[in-house]
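A.B. asks: Got a predicted structure plus its sequence, pasted below:
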Amino acid sequence: MPKLNVLIAGSTGYIGLQLVRLLTKHKNISIRYLCGNTSVGKKISFYDNSLRSKKLPKITKYNKKYLGNVDIIFTALPNGEAQIISKDLLKKNTLIDLAADFRLKKSSNYLKWYKQKHKAPSNIKDSIYALPEITGKLVKNFNIIGCPGCYPTSILLPLIPLVKKKAINLNNIIIDSKSGYSGAGRGVHKKFKNKNLYESLSAYGVGFHRHNSEIHQELKNHTSSKISFIFTPHIIPMFRGILSTIYLDLKPGITSNKVQNILKKFHKKNKFIKIKGNNTFLSTNDVMNSNNCFISVCKTKFKDKIIILSVIDNLIKGGAGQAVQNMNLKFGYKINEGLL
C-alpha cells in the first residue's frame, strides 16, 4: 500500500509533538511538512530530542500551496485556524483537526461557547465529530474530521453505552475530571501563572467549561430525553493523564453488574477500551503513553447509585492517538497501526 503524504500544522505543541512521534512509527505515512509560526527554520528535534534520529523536514510556515502535495492535513492549532485551512482544501485532501473547530454541529453554539464566529460555517455539514468507538467507519464518508476533546473522550466512552441502553437517570449526572497540565497546551504556565502548577490542584471553568456543549451534543444524539449534568474540570500537578469520576443514578432494576455487562458488550470489539473488574481503583499510570481507556464500575453505599472511573492519556487517546485512530479508520489501515 503506497504511503500517504502528511502535513502537520501546529507541530511543536504538546499534542503536535505527540502526533509527530506516533506518525513516525506508522508504516503507511510519510511526513512531508511540519508547520509552525515562531519555530520556522528549526528542526523538530529542538523541541523533542527523541526525534533526532528521524528524517523529518525542517519547520516551515504553513502555505496553502502545500495542499497539492499532501493527502492528509493534521491541525493542532488554536481554535479557528483549522476553519481557515478548511476553505482551501482540495478534493484529495482530508483534514483531521485536533482542536475544537469542527466539534459542534451548530455555528451558533460555537459562537456561544468559544466566543468567536465560525469562519467556515458551510463546511460544518461536511464534517464529522469522530469518536472512533462510536462513529467507527462513518469517517470514510467525510474529508473533515473533528476529533473530540480530551475530557469528553474520557466521559463519553462510558456514558454513551449507558444512555443508549437507558440504564441511568439523565437528570443528575455529576462529572468530576482531573487532568495533567499538558491539556492546557504550551501556554499553560501563562494561563495559570499564579497557581503553582507543580504543587497544587486547581478547579477551572466551573459550571461553564466549553466542553459542556460537546458532551451535551453527543449524549443528546442517543436519547430523546432531557439531559442534566454538571461537569467540573481540574488541573493537577502532573504532566499528562485524565481521570474522570462520574456519579450516576441507576434506573429501577439496573445494578452495577448490569452496567458492567452493558459496557463490556458495547466495547467488546473496541481494542483500546478495557472494562476492568467491578470496584477496580484506576490510576492514570494504567494508561500512560498508550491509546487505551480503562473504565471501572464502582458500587456505593446506595444500591441505586454507582461511580464510574475512566482514565486516558490526554495527549494520546484524548488527542494525537485518537486522530491517528480516525485516520486508520478513514483509510482502511489496521486500527492499531502506529498506536500502542
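C.D. replies: Nice, I can see it. Numbering: from 1, shown residues only.

A.B. asks: And residue 50, how far from residue 277?
C.D. replies: Going from residue 50 to residue 277 by Cβ to Cβ, to the nearest Å gives 35 Å. The C-beta positions use only the backbone N, C-alpha and C, and glycine is treated the same way.

A.B. asks: So what's the residue count around residue 61?
C.D. replies: 11 (other Cβ atoms under 10 Å).

A.B. asks: for residue 10, same thing?
C.D. replies: 26.

A.B. asks: For it, give me its contacts.
C.D. replies: 16, 35, 36, 75, 76, 77, 81, 98 (Cβ atoms under 8 Å, 6 or more residues apart in numbering).

A.B. asks: same check, this time on residue 8
C.D. replies: So residue 8 contacts 16, 19, 20, 23, 31, 33, 34, 35, 74, 76 (Cβ under 8 Å, 6+ apart).

A.B. asks: Using CSV, lay out those together with distance to residue 294, pLDDT and neighbour count.
C.D. replies: What follows is the contacts of residue 8, written out as CSV (distance: Cβ to Cβ, whole Å; pLDDT from 0 to 100; neighbours: other Cβ atoms under 10 Å):
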residue, distance to residue 294, pLDDT, neighbour count
16, 26, 96, 29
19, 22, 98, 28
20, 26, 97, 25
23, 25, 98, 23
31, 30, 98, 23
33, 35, 98, 22
34, 32, 98, 25
35, 34, 96, 24
74, 26, 98, 31
76, 25, 96, 28
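
A.B. asks: one step back: looking at residue 50 and residue 277, which is more packed in?
C.D. replies: residue 50 (11 against 8).

A.B. asks: Poorly predicted segments of the stretch 151-300 of the chain, please.
C.D. replies: 186-195 (pLDDT under 70).

A.B. asks: which residues of it fall in strands?
C.D. replies: In the stretch 151-300 of the chain, the strands defined using DSSP state E, counting those that start in this stretch lie at 173-180, 202-203, 229-236, 242-249, 273-275, 293-299.

A.B. asks: In a markdown table, list those strands along with mean neighbour count.
C.D. replies: Putting the strands of the stretch 151-300 of the chain into a markdown table (neighbours: other Cβ atoms under 10 Å) gives the following:
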| stretch | mean neighbour count |
| --- | --- |
| strand 173-180 | 21 |
| strand 202-203 | 13 |
| strand 229-236 | 18 |
| strand 242-249 | 22 |
| strand 273-275 | 22 |
| strand 293-299 | 22 |
